[in-house]
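>>> I'd like to go over a predicted model; first the sequence, then the structure.
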Amino acid sequence: MSLGRTLALPARPGIGMSMSDRLRRFGAFAAKFAAKALAGLAVPVGLAAAWFFCARWNWIPEQILPSPDAVWQTLRETTADGSLQSATLVSLQRVLSGFAVGIVAGVGVGGALGASATLRGYIEPFFLAFNQIPHIAWMPVLMLLFGIGETLKIVLIAWAAFLPATLCTLQGVRDVPAGYRELGRVLMFDRRATFSTIILPCALPSIFTGLREGLANAWHALVAVELLASFEGLGYMMAYGRQLFQLELVMAAMAVIALIGLIFHTLLRWVELRLSRWHLEGAA
Amino acid sequence: MTAPARETAAHALDISHVSKRFLVSGRKMLALSGVDLHVDEGEFVSIVGASGCGKSTLLRLILGLDTDYEGEVRIDGVRVKTPGLDRAIVFQDHRLLPWLNVRSNIAVALRHSPLGKAEKAERVDAQMRLVGLERFSDAYPAQLSGGMAQRVAIARALVNRPRFLLLDEPLGALDALTRLRLQNELLRIVRQEGATAILVTHDVDEAVYLGDRVVVMRPDPGRVATVLSVSGPQTHDRSSPGFIGLRDQVLALLGVAYNGAELSLAREADAREAAPA
């Protein structure tokens, strides 16, 4: 009489499969992955080819668009003498510490704002207005306050990461469906249980959107601040390359930033998917 | 004061002269007006009525989610002030937490139970067996059909062995076949657990089929029109004349009439209401 018996159980991959089945499955998976990778690579490879031919046939003067081999050469030279690594390390340290400060504060403030309508009433409009100001615009003010040392960089990067982290967390917490909160009340949840069982998991996707945006912002801020007020780091490397008209140096730094950004983005995405496995399984 | 209190304390649940107002776009609207209802231990009471007659509001008051009302909602003579684990509810939307699997969704209701870890796990297992979902314990809500999700919600509501099981149109969102099947299961489960059940529905068949009594409510403002007793051997036989007669009587009270006799019954009811106003 149980309804469960009339319905098929969800198929579990990997259980009770023969070896050839497994191989076929793996083959299908590999083909799918390859197709996805190919699609992802098509545009960059096309652009690289265009770049290569532009440089090869001097469509654009070499001083403006250095050739791919010049950039590659620069990457190798700067790696060999260690300057690329040390610049990357300095920048990475700045981004990570600024990002960490920014998102911890952002998730905290955003969570409080999301939870309290009163607090939101006071502060939200102010935040929305602040969000309209490009974070680089704060630089002159912050320079006067903090000088041009390490503090300035961390503060600016933290601020850049703070805003999206705050706003997205606010949204995620505020938009927890009233029905779930009501359920928490019926089940006599205390604050802690409500937070850990209902609010946090519900707001998590939104929080991660904020973290990813914050991370991108942190890199923007880093490059801006290093271009203007630094003697080391990837941004400085770019400023230096521009002044010496060594655009291959600028592009080498850009490549490193893009690569690290992609790695971070993927890492965050991976953590998010691990934390919200239900999303994936539910969609299956 | 003490005399009537003692008198009404004979019931497990007393709803006495309850009125509830809502502020709707600046104006006070009467959602419930002078509702009286007394429910005995182990009874299954169906509340049926058109949308907006305050059925769900009444459940919220019994749950203790809303204490801003006139009149009294009492359990064993004690006024309800907060939610409690003695009262559980099944909502129309199953309201399972999408990030928890079936087992955890049921276990979540035991978070503040004094039971030990092993006992809790045992209780959850028993509930999953009760609703026939033991093989789906690791599935997430999005992987379940509507009927299965609603059974999990029923299991979650019952895992604390509540004294009162409140059902807010629990089968309203399901397809007709699943609904019929789950009505039988609900009957079996509630009997097995010995809970006092209060079912809000707008399905008249369901109200008559499940209820020992059927409370008919009318809107504008929400009030109890009539309370009908369902008794006799034919009550769980949907095609018996007794069942059909009772169903048609409820339909007539709700203003849906099939023939002249019932229409006149509806008019009578309307006239009764109009008289004191």
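Cool, the structure landed. As the structure is a computational prediction, the values presented were derived from the model and not from experiment.
>>> which stretches of the chain form helices?
I went with chain A, as the question did not name one. Using DSSP state H, the helices of chain A run over residues A:3-6, A:19-56, A:68-80, A:83-115, A:117-132, A:139-146, A:150-174, A:178-186, A:191-193, A:200-228, A:234-243, A:247-275, A:277-283.
>>> could you do chain B instead?
Using DSSP H, the helices assigned to chain B run over residues B:2-8, B:55-63, B:102-107, B:117-130, B:146-158, B:176-193, B:204-210, B:241-253, B:260-274.
>>> can I see the domain layout of chain A?
Residue ranges of the domains in chain A are recorded as A:18-58, A:68-283, according to automatic domain parsing.
>>> got the contact list for the nearest residue to residue B:222 once chain neighbours are set aside?
Excluding the flanking residues, the one nearest residue B:222 by CB to CB, 6 or more residues apart in numbering or on different chains is residue B:54, at 2.6 Å. (Each C-beta comes from the backbone N, C-alpha and C, glycine too.) Contact criterion CB atoms under 8 Å, 6 or more residues apart in numbering or on different chains gives B:20, B:31, B:32, B:35, B:217, B:219, B:221, B:222, B:223 as the residues in contact with residue B:54.
>>> again, only this time at 10 Å
Shown here is residue B:54, whose contacts under the criterion CB atoms under 10 Å, 6 or more residues apart in numbering or on different chains are B:18-20, B:22, B:30-33, B:35, B:47, B:60-61, B:200, B:217-224.
>>> cool, and residue A:105?
For residue A:105, the contact set (CB under 10 Å, 6+ apart) comprises A:158, A:159, A:161, A:162, A:165, A:166.
>>> Can you get me a residue count around the residue in chain B positioned nearest to chain A?
Closest approach between chain B and chain A, counting by CB to the nearest CB: residue B:142, at 2.9 Å. Residue neighbour count, defined by other CB atoms under 10 Å in any protein chain shown, stands at 14 for residue B:142.
>>> do the same with residue B:74
Here the count is done by other CB under 10 Å, and residue B:74 has 19 residues near it.
>>> Show me what it is bridged to.
Residue B:74 forms beta bridges with residue B:14, residue B:79, as assigned by DSSP bridges.
>>> so what's it scoring on pLDDT?
Reported pLDDT at residue B:74 in the predicted model: 93.
>>> cool, and residue B:1?
42.
>>> Run through chain B and note the low-pLDDT ranges.
Low-confidence segments of chain B, defined by pLDDT under 70, span residues B:1-10, B:232-234, B:257-277.
>>> domains of it?
With automatic domain parsing as the reference, chain B has domains B:2-86+B:162-274, B:87-161.
>>> Can you tell me which of these is most buried?
Among the domains of chain B, ranked by average contacts under mean count of other CB atoms under 10 Å in any protein chain shown, first place goes to domain B:87-161 (a mean of 20).
>>> how far out from the middle of the chain is that domain?
From the chain centre to the centre of domain B:87-161 is a distance of 19 Å (CA atoms, centre = their mean, to the nearest Å).
>>> Show the end-to-end separation of that domain, please.
9 Å (CA to CA, to the nearest Å).
>>> Residue B:101 reaches residue B:143, doesn't it?
Yes - here residue B:101 lies in contact with residue B:143, judged by CB atoms under 10 Å, at a distance of 9.0 Å.
>>> who are the neighbours in contact with the spatially most central residue of chain A?
In chain A, the centroid-proximal residue (CA atoms, centre = their mean) is residue A:212; its distance is 3.3 Å. Neighbour list for residue A:212: A:164, A:165, A:168, A:264, A:265, A:268, A:269, A:272 [criterion: CB under 10 Å, 6+ apart].
>>> that older thread, could I get the contacts of residue A:105 as JSON lines with distance to residue B:118, pLDDT and neighbour count?
JSON lines is the format used below for the contacts of residue A:105 (distance: CB to CB, whole Å; pLDDT from 0 to 100; neighbours: other CB atoms under 10 Å in any protein chain shown):
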{"residue": "A:158", "distance to residue B:118": "47", "pLDDT": "96", "neighbour count": "24"}
{"residue": "A:159", "distance to residue B:118": "51", "pLDDT": "95", "neighbour count": "21"}
{"residue": "A:161", "distance to residue B:118": "45", "pLDDT": "95", "neighbour count": "31"}
{"residue": "A:162", "distance to residue B:118": "46", "pLDDT": "95", "neighbour count": "29"}
{"residue": "A:165", "distance to residue B:118": "41", "pLDDT": "95", "neighbour count": "30"}
{"residue": "A:166", "distance to residue B:118": "43", "pLDDT": "95", "neighbour count": "29"}
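>>> Quick check on residue A:175: phi, psi?
In this entry, residue A:175 is assigned phi and psi values of phi -90, psi 10 (degrees, to the nearest 10).
>>> and it, what pLDDT?
On the pLDDT scale, residue A:175 is placed at 94.
>>> For it, give its distance to residue B:24.
Distance from residue A:175 to residue B:24, counting by CB to CB, to the nearest Å: 24 Å.
>>> Does residue A:134 touch residue A:156 like I think?
No - with contacts defined as CB under 10 Å, residue A:134 does not count as touching residue A:156, sitting 11.3 Å away.
>>> what residues are shared contacts of the two?
Here residue A:134 and residue A:156 have A:221, A:224 as joint contacts, going by CB under 10 Å, 6+ apart.
>>> More neighbours: which of these two?
Counting neighbours by other CB under 10 Å for residue A:134 and for residue A:156 shows that residue A:156 has the greater number, 26 against 12.
>>> Let me see the contact set for the residue in the stretch 101-250 of chain A that chain B sits nearest to.
Using CB to the nearest CB, residue A:201 is the residue of the stretch 101-250 of chain A that sits closest to chain B, at 4.1 Å. Residues in contact with residue A:201 (CB under 10 Å, 6+ apart) are A:176, A:180, A:195, A:275, A:276, A:278, B:97, B:98, B:99, B:100.
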